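# Kindly generate the corresponding structure for this input.
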Amino acid sequence: MRKVENEKIGRRRVVYVLLSILVAAGIWLYADLTSGPNGTPQTQTREFLEIPIEYLYESTLTDRGLMLVDEDTDRTIDLELKGTRWLISSLDRSHIRVTASLYDVTSAGVQRVNYVVSFTDSRFGNNAIQRENASFGMATVNISELYSRTIDVSCELVGGVADTYSAGQVELSHTEVEVRGLQEDINPISYAKVTLDIGANAVETVSRDLELQYYDENGRILDKSGIYSSAETVRATLPVFVTKELHLAVDFIDAPGCRARNTEYVIEPQTIAVTGDATRLKDVETLKLSPAYNLLELGTTASENYTTTNYPIILPDGCTNVSGVTRAALRIRFKDMSSATITTENISWLNLPEGKRVELLTDSLAVKVFGTEADVAALTGEDIAVTVDLDDYSAASGTYTIPAEVTVNKGDVGISGLYQIQVTIREGGEEPPPEEEAGPEDVEAAAPAGEDAQTGGTP
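Sure, this is the predicted structure:
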């Protein structure tokens, strides 16, 4: 047992010794790379050849009618950089960025501009790496005046449309552009062209932003380098058209007792032929007539005759009516419609003023209803409720004729006319007068306000 423990202790000592050696070697290596014999930082220089120079604000030159010319312009620079041995050994040329600004250049000619050396890795910032030497102190640039011309833009069409479809003319966002550059680069340009590929069976309008390509008078493609254009891309649009039969339709405004399901109607014509942009008509199968038809306009009695309403046919934007028909007729009637007058004694009030009491002088009310024959026949006075709201009479006393709300709690039935109830409002302690026989004025007050009047949006 003691022998095993001694072996474990021995192995741990070996590991500790090895770790100590590695740590000491690392410290020695770090000190060797970063410090001199007296503890001062130990630096080293390193040469980097042909580092690219990036010129900034070339677009600003273009706006001023100028351009940077490759000839006689410094495009690379040789640098000698200094830093600690550790940093300089880990510096890669991809970390070095040399930039020169053209923002202050305002005239043509060969001239010199300052450049800046920076690093894309933050480890080398804050003067950790310094420029020791360079192949030149300022960059030389050759600035030339731009020569400009206006050239035509055309479009080459590739592909075709599917059967039953047709194509219109290609539309370009620019039919000409201004090109600028050195005269020797601009003079050979005869025209510019874009190519629009719509595929083999296009079924909708195609629109794309396409890159300009320049051609000489013999149709040969020219190199675009050194050429600046007022528009780098052109939007080309090919309208694709389709002819479709659209079904005419109309929306209905329902009301109690007046439902679209209880109608028979026909629209003449039922369809029209329309041609237009395939994209716009892609999912269109129906053309709605406007405005929606209010079924209350049909009245409240059954009729064998159809009611006719004419509508203008309004097409989607950009479409043409091939049929030539500009108006449609809606012929409609109720399949089943009945009306009746039903008397109810189910009369009540809401919002009784505090300290008041109410006496109803109208004991019953004759209400005109309409709907399907079955729904109307099934109604009794118990199915009709008449309510008056006393909220506006909180300070009133005496006899008043108040508008009444009539509701039906059975079937799908509408109400015709406006109704009112006569009530007497008394102070809480006042005794009601003895009952008197109703006079003609009482009967008149309890009757509907008029056979043609309407309430609640119903006839």
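# quick one: contacts for residue 316?
Shown in contact with residue 316 (Cβ atoms under 8 Å, 6 or more residues apart in numbering): 274, 276, 280, 281, 284, 287. C-beta here means a position set from N, CA and C on the backbone, and glycine is covered the same way.
# Please indicate which of those are buried?
Buried residues within those, counting neighbours by 16 or more other Cβ atoms under 10 Å: 274, 276, 280, 281, 287.
# Residue 139: which of these is nearest?
Closest to residue 139 out of the buried ones among the contacts of residue 316 is residue 280 (56.4 Å), distances taken as Cβ to Cβ.
# I'd guessed the closest one sits against residue 318; true?
Yes. Look at residue 280 against residue 318 with Cβ atoms under 8 Å: they come within range, at 6.2 Å.
# before we move on, back to that, which two in the buried ones among the contacts of residue 316 are spaced the farthest apart?
Using Cβ to Cβ for every pair in the buried ones among the contacts of residue 316, the one that comes out farthest apart is 280 and 287, at 12.4 Å.
# Go through the contacts of residue 316 and say which is closest to residue 173.
Using Cβ to Cβ, the contacts of residue 316 come closest to residue 173 at residue 280, 20.0 Å.
# which SS class is the closest one?
What DSSP: H, G, I helix; E, B strand; the rest coil gives for residue 280 is coil.
# which residues touch it?
316, 317, 318, 319.
# Residue 394 contacts residue 353, doesn't it?
Yes. Between residue 394 and residue 353 there is a contact under Cβ under 8 Å: 4.2 Å.
# Buried residues in stretch 218-238, which are they?
Residues of stretch 218-238 classed as buried by neighbour count (16+ other Cβ under 10 Å): 222, 224, 227, 228, 229, 234, 236, 237, 238.
# which residues touch the last one?
Residues touching residue 238, when contacts are defined by Cβ under 8 Å, 6+ apart, comprise 157, 167, 168, 170, 171, 196, 198, 202, 205, 206, 207.
# ok, back up a step: how about CSV for the buried residues of stretch 218-238, with pLDDT, secondary structure and distance to residue 255 added?
Shown next, in CSV, are these (pLDDT from 0 to 100; DSSP: H, G, I helix; E, B strand; the rest coil; distance: Cβ to Cβ, whole Å):
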residue, pLDDT, secondary structure, distance to residue 255
222, 95, coil, 73
224, 89, coil, 69
227, 89, coil, 71
228, 86, strand, 69
229, 90, strand, 65
234, 96, strand, 57
236, 97, strand, 53
237, 96, strand, 48
238, 94, strand, 49
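# ok, those residues vs residue 360, which is closest?
Out of the buried residues of stretch 218-238, the member with the shortest distance to residue 360 (by Cβ to Cβ) is residue 237, at 74.2 Å.
# In contact with residue 262, which residues are there?
Residues in contact with residue 262 (Cβ under 8 Å, 6+ apart) are 334, 335, 336, 337, 372.
# Try it again at 7 Å.
334, 335, 336, 372 (Cβ atoms under 7 Å, 6 or more residues apart in numbering).
# give me phi/psi at it?
Dihedral angles of residue 262 (phi, psi; degrees, to the nearest 10) stand at phi -100, psi 20.
# Ok, the one 10 residues further on next?
Here the main-chain torsion angles of residue 272 (degrees, to the nearest 10) amount to phi -140, psi 150.
# My guess is it contacts residue 315. True?
No. Residue 272 is not in contact with residue 315 according to Cβ atoms under 7 Å; the separation is 8.7 Å.
# Now list whatever residues contact both of those two.
When contacts are counted by Cβ under 7 Å, 6+ apart, residue 272 and residue 315 are jointly contacted by residue 321.
# Neighbour count: the two, which is higher?
Higher neighbour count among residue 272 and residue 315: residue 272, with 20 against 15, using other Cβ atoms under 10 Å.
# Skipping its backbone neighbours, what lies nearest residue 183 in space?
Leaving aside its chain neighbours, residue 183 sits nearest to residue 147 (4.1 Å; criterion: Cβ to Cβ, 6 or more residues apart in numbering).
# What's the local residue count around that neighbour?
Neighbours around residue 147, by other Cβ under 10 Å: 16.
# quick one, strands of the stretch 151-300 of the chain?
Taking DSSP state E, counting those that start in this stretch, the strands of the stretch 151-300 of the chain run over residues 165-167, 171-172, 176-181, 191-197, 206-211, 213-215, 228-229, 233-238, 240-253, 263-268, 271-277, 286-294.
# any chance of the ones you listed in JSON lines, with distance to residue 51 too?
Shown next, in JSON lines, are the strands of the stretch 151-300 of the chain (distance: least, Cβ to Cβ, whole Å):
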{"stretch": "strand 165-167", "distance to residue 51": "54"}
{"stretch": "strand 171-172", "distance to residue 51": "43"}
{"stretch": "strand 176-181", "distance to residue 51": "28"}
{"stretch": "strand 191-197", "distance to residue 51": "36"}
{"stretch": "strand 206-211", "distance to residue 51": "31"}
{"stretch": "strand 213-215", "distance to residue 51": "33"}
{"stretch": "strand 228-229", "distance to residue 51": "27"}
{"stretch": "strand 233-238", "distance to residue 51": "33"}
{"stretch": "strand 240-253", "distance to residue 51": "53"}
{"stretch": "strand 263-268", "distance to residue 51": "79"}
{"stretch": "strand 271-277", "distance to residue 51": "55"}
{"stretch": "strand 286-294", "distance to residue 51": "68"}
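# Alright, that wraps it up for me.
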